[in-house]
Structure formats: structure tokens, C-alpha cells
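Novice: How does the following fold in three dimensions:
(2 chains)
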Protein chains: 2
Amino acid sequence: MSSAYDVAAVGNAIVDVIAPADDAFLAAESLPKGSMSLIDDARAAGLYKVMAPGLESSGGSGANTVAGIASFGGKAAYIGKVADDQLGQVFTHDIRAIGVDFSTAPLVGGAATARCLVNVTPDGQRTMSTFLGASVNLSVGDLNAEMIKGGAVLYLEGYLFDAASGPQVFAKAATIARDAGRKISLTLSDGFVVGRHRAALMAFIESDVDILFANEDETKALMQTEDFDAAVAALRPHIEIAALTRSEKGSVVVTKSGAEAVPAAPVAQVLDTTGAGDQYAAGFLFGLARGKALRDCARLGGLAAAEVISHYGARPQVAYKDLAAKAGL
Amino acid sequence: MSSAYDVAAVGNAIVDVIAPADDAFLAAESLPKGSMSLIDDARAAGLYKVMAPGLESSGGSGANTVAGIASFGGKAAYIGKVADDQLGQVFTHDIRAIGVDFSTAPLVGGAATARCLVNVTPDGQRTMSTFLGASVNLSVGDLNAEMIKGGAVLYLEGYLFDAASGPQVFAKAATIARDAGRKISLTLSDGFVVGRHRAALMAFIESDVDILFANEDETKALMQTEDFDAAVAALRPHIEIAALTRSEKGSVVVTKSGAEAVPAAPVAQVLDTTGAGDQYAAGFLFGLARGKALRDCARLGGLAAAEVISHYGARPQVAYKDLAAKAGL
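Specialist: Have a look, this model is predicted:
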């Protein structure tokens, strides 16, 4: 069946506030380096107050991924909830400006658009504190069935599980995709997300997921072992395809029949790792939707990840289509 | 008399939306390259809709200048009007986060915080479309006399003249500064601003200005001649000190007794010229407040301008204090 979109994604619609910070700042604010913490409105205000001047830009893991899909020359749809406020307008503008279809009704009269306060240390690590705001108001009613049916692959963010409606949204979106004969993919998003929702995520993976994205920490958290190889072995019976990212070690593509390591693409300097996993997923999913071999999907993911960590911000600054062509992919 | 601040600045408080664009886009939108156009809310919405994804960051000419002063290790105060909205919060956060004193009450229940839509072409030129919003509601009552009295130099933006209250705000601020024995400086801001308000600006320069900042276009517009040298000769009787910027040709410092050319500082690549004039003024004013010779003031200005044009955005990304130390200034 032909598809209108390479990927239809569902995620938390978030605007990033990116600022430089040092290790002493993280320590003073009790922020574990490299983590994503959920914070409430009061803590968001307090933390923002002590942060350095920032750059605001559209973010959200799944939204970053569809931005990557668009950069590869693909077509994507996005479903996520902003508020009817200035940052919501920024999010809406930016995602539409790259040609992604986005039409989820904004929340009126409730919480503000979600914000992720990103403190970037000189080693390029990003420490994220997220005020989920309006994004957790995404409901089953917001799932645009035509978009989901139209996507060769459905992409779901594990972060969504932190909303009360998350499990229902996952189940409904998966049902729509499955009934339309579409593939379903999931990213685990964050080790702490896995810790909070392990059993439910595992059950969802077993019942619905065709392609699982996870990094090393998330893989280990899911399989409850400190040994990555053991985690991979334990995971294999539960998945069809798992694309597991390992930072500078590249990624491992695991199927029931085996595991193949794909080296990372070269990167001149790592400035800000924000968006590395999001853009890896973009390359992988674009390749998958276009019928590439899994190894080439992983290579496309690696190309995109290498680009995004070489600058501040979680979205492409060059056309991934050109990078792919140059790499012969 | 000792001063609490090196500089107290009064300006239009604006948040920038910076996005890449090409020449065809400027032509299609009838935007003269390198210009600053004033736009209304409807045009701002329409133009934003067709712009590429952007980065939001605090801007405003005078506010960029005080950010530069702070980067040199100086102390500054800022007076300008935002609205009580999310972009106003961004502006307020960013200027306070760099240690600038800012306490102007935000506008409640009126226009939104001012936005400048900045389209940056591959040649590094910025074309600005400004929705003045809340900023034009700055009134004489907002002029914090203690801040102005506390600044070794008062810095006023020519852009302010586009607000109905602009001339009154200039006159009152100048009176407070003069009565406290402070120096008064003015930037002409933009050739079109000069065109709109030439006579009033000239009268203000004659009566109140000790240090005038202008680029070539503004100087020529003010003196109504196409010849820069003729403009300088015509200007000299009207000013005490004029610091005239000439892009890659550096700057010329003009006094009643002569004119001295100071070469531009070297710059590896020009990525975005937004903020060049603002940061030149920062270096010059910091030097002046610290009692440096005019030539060194101009060199400090050149250093700061060279840094800011080497990256996207109108505020410092490195400590100007370090640049100055390295240059022996």
C-alpha cells in the first residue's frame, strides 16, 4: 500500500531553551549530567532564573526526528500538543516551515507550551529539565487517523508515557497503524522513562512494536542488567528489529537472526549532543520507509547524528539529503 | 563623580527571530537587503509564516550594546518596554542573566513584546523586519532616574524616535543625565530612521549629544550628501565626538580637531552582520567610561564587532574582556 508519509510521529511538542553551563552549575542545581528530569512550573521558573542567556528553538524528540526526515527529502506528519501561546506559535511555525504536516489543535486556557531547559556543558553533554506543560494534554482524540494511516512507519516517543493519557495514546495510535498495515516504531527516549514505566513499555514492545530505538542505558534499564551484551541477548526474543545506539561506538542493529554493528560516522567536533538519538532515528526510519537494507538505515542514522552533534541545537543545519548523496546512500 | 554603571541605555526591547533566507526570498517579499523595515502585526504574522525555521534570542540594539558592555566586564543598566508575555520573559531573563540591571515595568493588556524578523542571506547580510509592539509604549515615566544618573554615559537608540513618545523620552533622559554631569551618546540606528526624523535628530545632536555613533549610510543620510568625506566635514561643526563605522574599512573617530581612521579587527569569516554596530558601540562606550583614549575606544569597538559578525546572533558568544586583554587594551 502506498503511503502519503514516510513517517507519522506522535510526541511531546516542546520548545527548547538552550544555554551554556558548567559542571559547578549542574552540581549547584542538583542536575545529574546527561539526564532528562521532569520539573513543574515553579521549578522551571526558578531554574530558568539562574540559567545563562539562552537560544529558544523548537524541540521535542519526535518533532526533531520528523525535521530530520524532512531534511532527508522525506515527507512526515506530526501529532503533538502545544498551547495557544507565543512558544506554541514558534513550535507550529518551525515544524510547518520545513514541510511537516502538523494540525493538532492547541490547548486553550490551560498550561503553557512545554519547555525543555537544556544546559550544555563544555564537553558537549546536554542536561535537560523539562516542564511538560500543555504537551501532556495530548489525548486519543488528537490522534489524526488519516495521518497515522498515511505513514509508512508510525513513530512513538517513550517520553509520552509520562503523561496520564500516554498508554491510551500509544494503544490507539498502534491500533490505527496496525489496521492500516503500517509498521510501528518506538524510542525508549530516556533511562528514567524506562525505569518509571518498564513493565508497560515491555508489554507494548511485545504486542505492537516492529522497530525499537534505544541507547545503551535505555537497553540496560529495559532488560535490567548492567551488561550491554547480556541486555541485547535478553532483548532479542522480544523484538523484530532493534536499533541500539552507542554514542561514538556507532550502533547495533539487532534482529531475531543476529546483530550487526555499524560504526559511527566521523565528526570533527562534538559541540552539543542534543538530538543525536532523534536524528539517528530520522535517518534509520527514512531508510526503512524507502526500503533500504537495515545496515544502510543505520548508516543514514549515523550520518544525521554526526551532523547534529557538531552544532548547538537538535535539528539539522544542513540538508541531510546532500549528506546521504555524498555518502552514496 | 563616581558612577554605578559604565553605561545606562534606553532602547526598544526586542526579541529576534533569526532564520536563513536567500536573495529570491527577499525579492519575493520585497525586502531591501540590509534594511530595517517597520511592520505591523498582520505583516509580521504573514512574513513569519513564510520564513524558514528560526532561533529566538533576545535582541534590541541598545540591549545588545549593554550585553557587550557586560561582556567587557562593565556594569550597565537598561531601560526598555516588553509586554507581560513569554517573549517578554525571555528578554527579561536574558538581560538579567548577564548582570545588567533592568526593571522597566512590562506592558500589561496591550501589544505583544516587539519582534524583529531577521532574514540572514548566505553573504552574512541581515534584513530586518520589526514589529515594534509593546516597545513603543516606553514613556517618560519609565525612565528610571537613578539608573540614568548612575551611568557614566547615557546611550540612546535612534530607533526610539519611531515611537510617538520617542522625542520626549530622549529629552527627558538627556536632561536627567546632563543635570547629573553625565555624558550623552546616541546611535542613529538606521538610514531610514534618519530619513524619517532628520531635523529632530540633528537638533538633539546639537543640543545634547556628546558622542554620536553612525555608519556610512546614516552619516550621509544625516548630512544629506552621497559623499562620505563631505558628510564628515559637514558633520564636524555639530558634534563633540563622532564614531563612524565603515564595515570592513573600520571606523573613523571625528572630533572638532580632526579625524582618525582606525582599521577593522581581523575576522575569519563573516556569518551574520547582525549586531556589528551595537557591539562596536559597546566597545567604544566601555573604553570611554574607563577613560581610554579615543583611538583605543575605537579599537575595543572593532574587536567586539569582529566577534559578533563571526556567528549568528547579535550578542557576544565569548568574553570580550578576554579579547581586550589579548589585544593589550
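
Novice: In chain A, what helix or strand scores lowest on average pLDDT?
Specialist: Using mean pLDDT, DSSP states H and E, the weakest-scoring helix or strand in chain A turns out to be strand A:36-38, at a mean of 89.

Novice: first to last residue in stretch A:219-236, what's the distance?
Specialist: This stretch, stretch A:219-236, spans 11 Å end to end (Cα to Cα, to the nearest Å).

Novice: in stretch A:262-278, what's buried?
Specialist: By neighbour count on 16 or more other Cβ atoms under 10 Å in any protein chain shown, the buried set for stretch A:262-278 is A:262, A:264-265, A:267, A:271-278. C-beta here means a position set from N, CA and C on the backbone, and glycine is covered the same way.

Novice: So which of those are in strands?
Specialist: Using DSSP state E, the members of the buried residues of stretch A:262-278 that fall in strands are residue A:262.

Novice: Let me see the contact set for the residue positioned nearest the centre of chain A.
Specialist: By Cα atoms, centre = their mean, chain A has its centre lying nearest to residue A:61, at 3.1 Å. Taking Cβ atoms under 8 Å, 6 or more residues apart in numbering or on different chains, we find residue A:61 in contact with A:11-12, A:157, A:159, A:187, A:189, A:277-278.

Novice: just checking: which of these also lie near chain B?
Specialist: Among those, proximity to chain B is found for none (Cβ under 8 Å from any Cβ of the partner chain).

Novice: Tell me the one of those residues nearest residue A:257?
Specialist: Distances from residue A:257 to those, taken as Cβ to Cβ, are shortest for residue A:187 (22.7 Å).

Novice: From chain B, how far out is that closest one?
Specialist: Distance, residue A:187 to chain B, using Cβ to the nearest Cβ, to the nearest Å: 22 Å.

Novice: Residue of the stretch 151-300 of chain A nearest chain B, please.
Specialist: Closest approach between the stretch 151-300 of chain A and chain B, counting by Cβ to the nearest Cβ: residue A:271, at 11.9 Å.

Novice: How about the residues of the stretch 201-329 of chain A by chain B?
Specialist: Contact residues (Cβ under 8 Å from any Cβ) of the stretch 201-329 of chain A with chain B: A:313, A:315.

Novice: now the helices for the stretch 201-329 of chain A?
Specialist: With helices called from DSSP state H, counting those that start in this stretch, the stretch 201-329 of chain A shows them at A:216-223, A:228-235, A:276-289, A:294-308, A:320-326.

Novice: Show me what the first one packs onto, helices and strands only.
Specialist: Which is helix A:216-223. Under the contact criterion of 3 or more Cβ pairs under 8 Å, 6 or more residues apart in numbering or on different chains; DSSP states H and E, helix A:216-223 touches helix A:191-208, helix A:228-235, strand A:241-245.

Novice: Please save the CA atoms from the last one in CSV.
Specialist: Read that as strand A:241-245. In CSV, the C-alpha atoms belonging to strand A:241-245 read as follows (Å, rounded to 0.1, in the frame of the first residue of the first chain):
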residue,chain,number,x,y,z
ILE,A,241,14.2,-5.0,14.8
ALA,A,242,16.1,-3.0,17.5
ALA,A,243,18.4,-0.2,16.5
LEU,A,244,20.6,0.4,19.6
THR,A,245,22.8,3.5,19.7
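
Novice: which strands and helices sit next to that strand?
Specialist: strand A:211-215, helix A:216-223, helix A:228-235, strand A:251-255, helix A:276-289, helix A:294-308.

Novice: buried ones in the fourth one?
Specialist: The one in question is strand A:251-255. Applying 16+ other Cβ under 10 Å to strand A:251-255 flags A:251-254 as buried.

Novice: want to throw the helices and strands packed on helix A:216-223 into CSV with mean pLDDT and mean neighbour count?
Specialist: Below are those laid out as CSV (pLDDT from 0 to 100; neighbours: other Cβ atoms under 10 Å in any protein chain shown):
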stretch, mean pLDDT, mean neighbour count
helix A:191-208, 94, 17
helix A:228-235, 96, 16
strand A:241-245, 98, 24
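
Novice: Can you lay out the ones you listed as TSV showing distance to residue A:77?
Specialist: TSV is the format used below for these (distance: least, Cβ to Cβ, whole Å):
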stretch	distance to residue A:77
helix A:191-208	19
helix A:228-235	29
strand A:241-245	21
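
Novice: Residue A:56: what secondary structure?
Specialist: strand (DSSP: H, G, I helix; E, B strand; the rest coil).

Novice: do the same with residue A:156
Specialist: Residue A:156 is classified as strand under three-state DSSP.

Novice: can you pull the contacts of it?
Specialist: Going by Cβ under 8 Å, 6+ apart, the list of residues near residue A:156 reads A:9-11, A:62, A:170, A:173-174, A:184-187.

Novice: try 6 Å
Specialist: Residue A:156 makes contact with A:10, A:170, A:186 under the criterion Cβ atoms under 6 Å, 6 or more residues apart in numbering or on different chains.

Novice: Doesn't residue A:119 belong to a strand?
Specialist: Yes: Residue A:119 forms part of a strand when assessed by three-state DSSP.

Novice: Contact partners for it?
Specialist: Counted by Cβ under 6 Å, 6+ apart, residue A:119 has contacts A:21, A:127.

Novice: Quick check: the gap between it and residue A:23.
Specialist: Residue A:119 is 10 Å from residue A:23, where distance means Cβ to Cβ, to the nearest Å.

Novice: Just name the most buried of the helices and strands packed on strand A:241-245.
Specialist: Of all the helices and strands packed on strand A:241-245, helix A:276-289 has the most neighbours on average by mean count of other Cβ atoms under 10 Å in any protein chain shown, namely a mean of 29.
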